[in-house]
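S.K.: Quick check, what structure comes out for this input:
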Amino acid sequence: MEIDDSILPNQGLKNVRYEIRGPLNRRADELIRSGEKIIKLNIGNPGAFGFRTPPHLAEAIVKHMPDAEGYVHQKGVPSQREAIARSFVQKGIPDADPERIFVGNGCSDLIMMAMRALLNPGDEVLVPSPDYPLWTASVVIHDGKPIHYPCRVENGFVPVAAELETLVTPKTRALVLINPNNPTGVVYPEQILKDLAALAEKHKLIVFADEIYDNMLYDGAQHFPMARYVKQTLCGSFGGLSKVHLACGYRVGWLAFTGNTKMATDYLMSMDLLSGLRLCANAPGQFAIEAALFGPRSIDEYVKPGGRLYETRKIILAGIQASKYLFVAQVPYGAMYVFVGVKTDLLPEFNDHRFAMDLLEKKKVLVVPGSSFNVKYHNHFRLTLLPTDEQCKQVFIRIEELLDSYRDESVVKA
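M.R.: Just a heads-up that it's a prediction; the model follows:
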């Protein structure tokens, strides 16, 4: 009798999805290795498109390299946590305290840690739909249950607090919001944030505010930090160097807890325990934090009229408007993405996963299917604002050609 000696993975991972770097991306890498030139629009990675990290961040790291040769404090370098706290105070959050700030290897590290410290089997977390899929994955991995609250297309991807409240149960532990939003680019109005804060306070939910794109804003949009409004429950605010400071590879993020921290003594001790178990986050990169928060900010030049991100956004929106098949439910006023819709009245059999694979195989463009962001509909996909103007124009030519072929197929079937 033949013995199966296969090494089996954790069965819980069957329910974990992260298609931004999933099968489509792996297929794109295969094509690249075979000599194909692929326009990869699946990941918000500025460095891959020629955006450079501001030099004063690297200079700060080099200056402090002797201080980074040993392990640093498990929560993060004290001086850099103090800098984060000062930046919060400047934003109108006076209760920011370096002792309640955790530095990690990017926000991704801290999202996983925050869920690991919080969740018991069956606990529920309110997660936006669409979301950045790590949020859903992190809940599932730690035996929780993600409850997706709708940010509806017809409402410009903005949630409604009264609708969220119907999803709260005795098992609900936390509320996640992503603002500015990935994948939609929506920047939430202040009143929405106040409504969500009141909901969380009423039900004693922890608020996790993913604000990694806080200063990546267009056309006068204003970002309001969630921590300003959460006072009677715990608020955890995520930020980092990856996006606004164009330093994805530095892998530096932070999580600052404010609000009613007295109710969270045991939880914060669990965060400290998990921080200690991994010894410390990347030490050299941490020394760029203060330089990033209080030095020149190059992103401001990119997001204003004439700046590269602003102009690419304009080209993409024009490409959508010129298309017979595409629409955008909400113009993005933040982050570095556009969540593009396809008109199902013209293409009733459109499927985002088939489209993404066809676009890759036939047109050598990689995008992320919209349903990868935990929505139930299949007529959206996400584009980044990072490519050059010429690449953008090429992308829309190729998309239109593919959608024309779908239209021709449907006519033949009819």
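S.K.: Okay, helices next: where are they in the stretch 51-200 of the chain?
M.R.: Counting by DSSP state H, counting those that start in this stretch, the stretch 51-200 of the chain has helices at residues 55-63, 78-90, 106-118, 133-141, 161-165, 190-203.
S.K.: Mean pLDDT, mean neighbour count and distance to residue 172 added to those, as TSV?
M.R.: For every residue, glycine as well, the C-beta is placed using N, CA and C. Formatted as TSV, these follow (pLDDT from 0 to 100; neighbours: other CB atoms under 10 Å; distance: least, CB to CB, whole Å):
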stretch	mean pLDDT	mean neighbour count	distance to residue 172
helix 55-63	96	16	39
helix 78-90	97	18	27
helix 106-118	96	22	12
helix 133-141	95	22	12
helix 161-165	94	16	10
helix 190-203	97	18	7
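S.K.: would you turn those into JSON lines with distance to residue 370?
M.R.: Shown next, in JSON lines, are these (distance: least, CB to CB, whole Å):
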{"stretch": "helix 55-63", "distance to residue 370": "34"}
{"stretch": "helix 78-90", "distance to residue 370": "34"}
{"stretch": "helix 106-118", "distance to residue 370": "21"}
{"stretch": "helix 133-141", "distance to residue 370": "11"}
{"stretch": "helix 161-165", "distance to residue 370": "20"}
{"stretch": "helix 190-203", "distance to residue 370": "22"}
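S.K.: Tell me which of the ones you listed sits nearest to residue 25.
M.R.: helix 133-141 (13.0 Å; CB to CB).
S.K.: Tell me who's in contact with residue 192.
M.R.: The neighbours of residue 192, taking CB atoms under 8 Å, 6 or more residues apart in numbering as the test, are 158-159, 161.
S.K.: Which of these sits closest to residue 110?
M.R.: residue 159 (22.9 Å).
S.K.: re the thing from before, nearest to residue 361, out of the helices of the stretch 51-200 of the chain?
M.R.: That would be helix 133-141 among the helices of the stretch 51-200 of the chain, by CB to CB, at 23.0 Å.
S.K.: now the contacts of residue 192 as JSON lines including distance to residue 9?
M.R.: Putting those into JSON lines (distance: CB to CB, whole Å) gives the following:
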{"residue": "158", "distance to residue 9": "38"}
{"residue": "159", "distance to residue 9": "34"}
{"residue": "161", "distance to residue 9": "39"}
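S.K.: Going by distance to residue 72, which of those wins?
M.R.: Of the contacts of residue 192, the one sitting nearest to residue 72 (CB to CB) turns out to be residue 159, at 38.1 Å.
S.K.: neighbours around the closest one, how many?
M.R.: Counted with other CB atoms under 10 Å, residues neighbouring residue 159 total 23.
S.K.: and it, how far is that from residue 167?
M.R.: Distance, residue 159 to residue 167, using CB to CB, to the nearest Å: 11 Å.
S.K.: what do the two both touch?
M.R.: With CB under 8 Å, 6+ apart as the test, residue 159 and residue 167 both reach residue 149.
S.K.: isn't residue 182 right up against residue 213?
M.R.: Yes - using CB atoms under 8 Å, residue 182 makes contact with residue 213 at a distance of 6.8 Å.
S.K.: between these two, what contacts are shared?
M.R.: Joint contacts of residue 182 and residue 213 (CB under 8 Å, 6+ apart) are residue 335.
S.K.: quick one: the strands in the stretch 1-150 of the chain?
M.R.: Assigned by DSSP state E, counting those that start in this stretch, the stretch 1-150 of the chain shows strands spanning 39-40, 101-104, 124-129, 145-150.
S.K.: any idea which of the contacts of residue 192 is closest to residue 408?
M.R.: Once CB to CB is applied, the member of the contacts of residue 192 that ends up nearest residue 408 is residue 158, at 36.8 Å.
S.K.: tally of neighbours for that closest one?
M.R.: Residue 158 has 15 nearby residues by other CB under 10 Å.
S.K.: picking up where we left off before, kindly reformat the strands of the stretch 1-150 of the chain as TSV containing distance to residue 232.
M.R.: Converted to TSV, these look like this (distance: least, CB to CB, whole Å):
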stretch	distance to residue 232
strand 39-40	44
strand 101-104	21
strand 124-129	17
strand 145-150	21
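S.K.: Which one of those lies nearest to residue 176?
M.R.: Taking the strands of the stretch 1-150 of the chain one by one with CB to CB, strand 124-129 is closest: 4.9 Å.
S.K.: Next, the angle from the closest one to strand 145-150.
M.R.: 40 degrees (axes from the mean of the first three to the mean of the last three CA atoms, to 10 degrees).
S.K.: Quick one: residues in contact with strand 124-129.
M.R.: So strand 124-129 is in contact with 115, 119, 135-136, 139, 144-151, 159, 164, 167-169, 171-178, 181, 205, 373-376, going by CB under 8 Å, 6+ apart.
S.K.: Pull out the buried members of those residues.
M.R.: The neighbour count (16 or more other CB atoms under 10 Å) marks 115, 119, 135-136, 139, 144-151, 159, 164, 168, 172-178, 181, 205, 373-375 as buried among the contacts of strand 124-129.
S.K.: how about residue 275, what does it touch?
M.R.: Per CB under 8 Å, 6+ apart, neighbours of residue 275: 74-75, 102, 113.
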